[in-house]
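Asker: A structural model of the following input is requested.
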Amino acid sequence: MEVSKLRLVFFFSFATLIPSLWANIVEFDEFWKQREEEAWKKTLEAYEPIPENITSNLNYNVNKALVKTISNKTMEFESVSTNSTRRNLRGNHEKNKYNGPCMATNPIDRCWRCKKNWAKNRKKLANCALGFGHKTQGGKAGRYYLVTHSSDNNVLSPKPGTLRHAVIQKQPLWIIFARDMNIKLSQELIVQSKKTIDGRGANVHIAYGAGITLQFVDNVIIHGLHIHHIVKSPGGLIRDSVEHYGYRTVGDGDGVSVFGSTNIWLDHLSMSECQDGLIDAIQGSTAITISNCHFTHHNDVILLGASDTFSKDKLMQVTVAFNHFGKELIQRMPRCRWGFFHVVNNDYTHWKMYAIGGSMHPTIISQGNRFIAPDDHKAKEITNRNYAPESEWRKWVWRSEGDLFMNGAYFRTSGPSSPPHLKFNKWQMIKAKPASFVRRLTRFAGALNCKKGAKC
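Answerer: Numbers count the residues shown, from 1 in each chain. Just a heads-up that it's a prediction; the model follows:
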């Protein structure tokens, strides 16, 4: 026992020197070394050498969904100008519930929503992802796991029926909840590959405790959760799979941390007030879609790439689509490094410093977003470039196509108009819907109030 204590003290002391490399792992043993090697192979497999193929497919589906919506005469808010002032949405949506007929107005939602039998066909959701995370299957190939307990009292030997017990299982699982739950995680929730955490049909809050960690995994879907008031986790001995446990350092307090992971889809999440970031994706993560989320009351919203020296993040490819960036947000929506980022048809109604930023020459394609600048004249610029003189960042490819700028907002573009290395194809690169459609596309961002037996 004394030897273990001495090892723990040594590991915690040594780990302070390399937190960004090992991501809260105190002892980088053979188990984690193997996981890291396998994860990097997945990254190389998931990388799309011509990313416009993915952005074009998303744009095509957006146009297709809107044309079908119009033909079915389901265009809500026809009497409301899409260029109106800021939306009055709260983080939990309770003050502004929509009580009309079920409407699914973007291509991801049209794939599964507004069908009474959704609860009997939950796994259809796995066919609905678009963007760089479009191959994400989650736990589609596995059985259902019903979470019946909200407790998180034993992180070394989790109780069956708890969320922690579900996510550490080796086999694919589609995880659902027996009832409404408030889950206070005592330590970071370390999720294994091929898992879907599906909050539909219950009001599930991950709050006032630790956050969710996806580390060296692939194929994870997180859908329909409220994630808020996440705090730093104390660290210690934690089981990360049925066959392994180890010491972890203090957690950062991220809502969802994606580390060295691929094929990740975060959809219909309501997120606010975490101690660090709402979503971080770093260290070789790629093939990620963040969609239909509602973000409020936070400083550092989304970080995509955490190090100016970790060049492997040049393989990072992320789609940010149909999200609402709402009240009391400050910056990083997202903040990008190295990779390729498609930011499409989002509604930016609030920021206090800037909306989209980056360093280390990321490629950022902004299409069909609505940007409403704050009244502060010093914060009108949407973009923010870090750690580079203008002579350098003017070469970075930051494009704005079909965006709507309100209240003095402006997007500072850079790079050549048609960079040859991007190989745009006019048949594939179909333009996203103009920002005048954004309110419709993002109307139901955040966790939905789905009830079994009723259209969701």
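Asker: Contact partners for the closest residue to P434 other than its chain neighbours?
Answerer: Leaving out its chain neighbours, the residue that sits closest to P434 by CB to CB, 6 or more residues apart in numbering is G402, at 4.8 Å. Placement of C-beta: from N, CA and C, glycine included. With contacts defined as CB atoms under 8 Å, 6 or more residues apart in numbering, G402 is in contact with 367-368, 431-435.
Asker: let's go with 6 Å and repeat that
Answerer: 367-368, 432, 434 (CB atoms under 6 Å, 6 or more residues apart in numbering).
Asker: who's the residue nearest to the spatial centre of the chain bridged to?
Answerer: Note on the chain: the residue nearest the mean C-alpha position is I290, at 3.7 Å, using CA atoms, centre = their mean. Beta-bridge partners for I290, by DSSP bridges, are L266, V320.
Asker: mind checking how far it is from E390?
Answerer: Using CB to CB, to the nearest Å, I290 is found at 30 Å from E390.
Asker: try R113
Answerer: 45 Å.
Asker: what do you get for Y47?
Answerer: Y47 is 30 Å from E390, by CB to CB.
Asker: between the two, who's got more neighbours?
Answerer: Neighbours around Y47 and E390, counted as other CB atoms under 10 Å, are more numerous at Y47. The numbers are 18 against 10.
Asker: Wait, the more buried one touches D313, no?
Answerer: No: the criterion here is CB atoms under 6 Å, and Y47 misses it with D313 at 11.4 Å.
Asker: I'd assumed Q187 was in a strand, is it?
Answerer: No: according to DSSP: H, G, I helix; E, B strand; the rest coil, the state of Q187 is coil, so it is not within a strand.
Asker: That one: how many residues sit nearby?
Answerer: Other residues close to Q187 by other CB under 10 Å number 22.
Asker: That one reaches A210, doesn't it?
Answerer: Yes: using CB under 6 Å, Q187 is in contact with A210, at 5.3 Å.
Asker: tell me, what's touching those two both at once?
Answerer: S233.
Asker: those helices in the stretch 301-450 of the chain, which residues are they?
Answerer: Per DSSP state H, counting those that start in this stretch, the stretch 301-450 of the chain carries helices over the ranges 390-393, 438-441.
Asker: on that earlier part again, kindly reformat the contacts of G402 as JSON lines containing distance to C450 and neighbour count.
Answerer: Shown next, in JSON lines, are these (distance: CB to CB, whole Å; neighbours: other CB atoms under 10 Å):
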{"residue": "Q367", "distance to C450": "29", "neighbour count": "25"}
{"residue": "G368", "distance to C450": "27", "neighbour count": "25"}
{"residue": "A432", "distance to C450": "27", "neighbour count": "29"}
{"residue": "P434", "distance to C450": "30", "neighbour count": "16"}
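Asker: pLDDT value on L441, please?
Answerer: Per-residue pLDDT puts L441 at 94.
Asker: ok now do it, which residues does it touch?
Answerer: With CB under 6 Å, 6+ apart, L441 has these contacts: 105-106, 322, 345.
Asker: same deal with K184?
Answerer: By CB under 6 Å, 6+ apart, the neighbours of K184 are 208-209.
Asker: try the one 4 residues further on
Answerer: Contact criterion CB under 6 Å, 6+ apart gives 210, 213, 233, 251 as the residues in contact with E188.
Asker: what about burial for those, which qualify?
Answerer: Neighbour-count burial within the contacts of E188 applies to 210, 213, 233, 251; the criterion is 16 or more other CB atoms under 10 Å.
Asker: Kindly state the beta-bridge partners for L173.
Answerer: R143, K195.
Asker: That one and K116, how far apart?
Answerer: 25 Å.
Asker: Can you pick out the residue with more neighbours from those two?
Answerer: Regarding L173 and K116, a neighbour count based on other CB under 10 Å identifies L173 as having more, with 21 against 12.
Asker: In terms of pLDDT, where does the more buried one sit?
Answerer: Reported pLDDT for L173: 98.
Asker: what's the residue lying closest to L303 once chain neighbours are set aside in contact with, if anything?
Answerer: Distances taken as CB to CB, 6+ apart place D280 nearest to L303, at 4.6 Å, with adjacent residues excluded. Contacts for D280 (CB under 6 Å, 6+ apart) come out as 254, 257, 303.
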